[in-house]
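Novice: Task: produce atomic coordinates for the following.
(chains A and B)
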Amino acid sequence: GDSVTQMEGPVTLSEEAFLTINCTYTATGYPSLFWYVQYPGEGLQLLLKATKADDKGSNKGFEATYRKETTSFHLEKGSVQVSDSAVYFCALRITDSWGKLQFGAGTQVVVTP
Amino acid sequence: NAGVTQTPKFQVLKTGQSMTLQCAQDMNHEYMSWYRQDPGMGLRLIHYSVGAGITDQGEVPNGYNVSRSTTEDFPLRLLSAAPSQTSVYFCASSRGTGDPYGYTFGSGTRLTVV
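Specialist: Numbers count the residues shown, from 1 in each chain, chains lettered A, B, ... in the order given. Next up, the predicted model:
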């Protein structure tokens, strides 16, 4: 079945460092891909999305490119802030369903001043 | 503010007790779902609904019931709570199958079963 694998955390960075969180997927068909962010004590918020190969999603300085050849959707940010400390989830919309999301396990990011 | 509202935010239950987690959305979304979040496992789908009167099981439905009598509400019932149901529960909604904006999530209910 469809699945998402993302790098384990926690990832600890200093402010202004470069962030990469790896995400790879297996899927039948052509899923839409998402990154969600969960700040402490809150629900998940959509960070960015891509619906087809080579699409680049971007938001709040974060970017991710839908790479069909490597089945990847890595999240990147060039200069992180303390406020980016959160748990990040990669997800795909299962193609043979009405729209169910399959999530990765989540990666905790801690940014220190 | 428009969105998904979950109540309660925290709950402690004794083994064998029953309770209902409430979820309501005011965005006229057709699709609603319940997820549970456990450490290291991401979010797993419990039940979902594609519209009023229509529900189906997700990945981990055992021990949970749902109903969808209105577009707005999608309650999750625990019939006889077990310690394995200790988790954080999220309700989510979306406009439809082709919704490019993904899901809108509630802020969660943290449930502890002792």
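
Novice: Run me through the strand neighbours of the lowest-mean-pLDDT helix or strand in chain A, direction for each.
Specialist: Least confident helix or strand of chain A, by mean pLDDT, DSSP states H and E, is strand A:101-103 with a mean of 88. In the sheet, strand A:101-103 lines up against strand A:86-93 (antiparallel) (DSSP bridges).

Novice: ok, residues contacting the strand it pairs with?
Specialist: A:2, A:4, A:6, A:9, A:21, A:23, A:25, A:27, A:31-40, A:44, A:47, A:73, A:75, A:99-104, A:106-109, B:42-43, B:102 (C-beta atoms under 8 Å, 6 or more residues apart in numbering or on different chains). In this view, the C-beta of every residue, glycine as well, is placed from N, C-alpha and C.

Novice: again, 6 Å this time
Specialist: Residues from elsewhere that reach strand A:86-93 (C-beta atoms under 6 Å, 6 or more residues apart in numbering or on different chains): A:4, A:6, A:21, A:23, A:25, A:27, A:31-39, A:99, A:101-104, A:106-108.

Novice: In strands, which of these appear?
Specialist: A:4, A:6, A:21, A:23, A:25, A:32-38, A:101-103, A:107-108 (DSSP state E).

Novice: Can you list the buried residues in stretch B:103-114?
Specialist: By 16 or more other C-beta atoms under 10 Å in any protein chain shown, the buried positions in stretch B:103-114 come out as B:103, B:104, B:105, B:106, B:107, B:108, B:109, B:111, B:113.

Novice: likewise stretch A:64-75?
Specialist: So stretch A:64-75, judged by 16+ other C-beta under 10 Å, has buried residues A:64, A:65, A:66, A:67, A:71, A:72, A:73, A:74, A:75.
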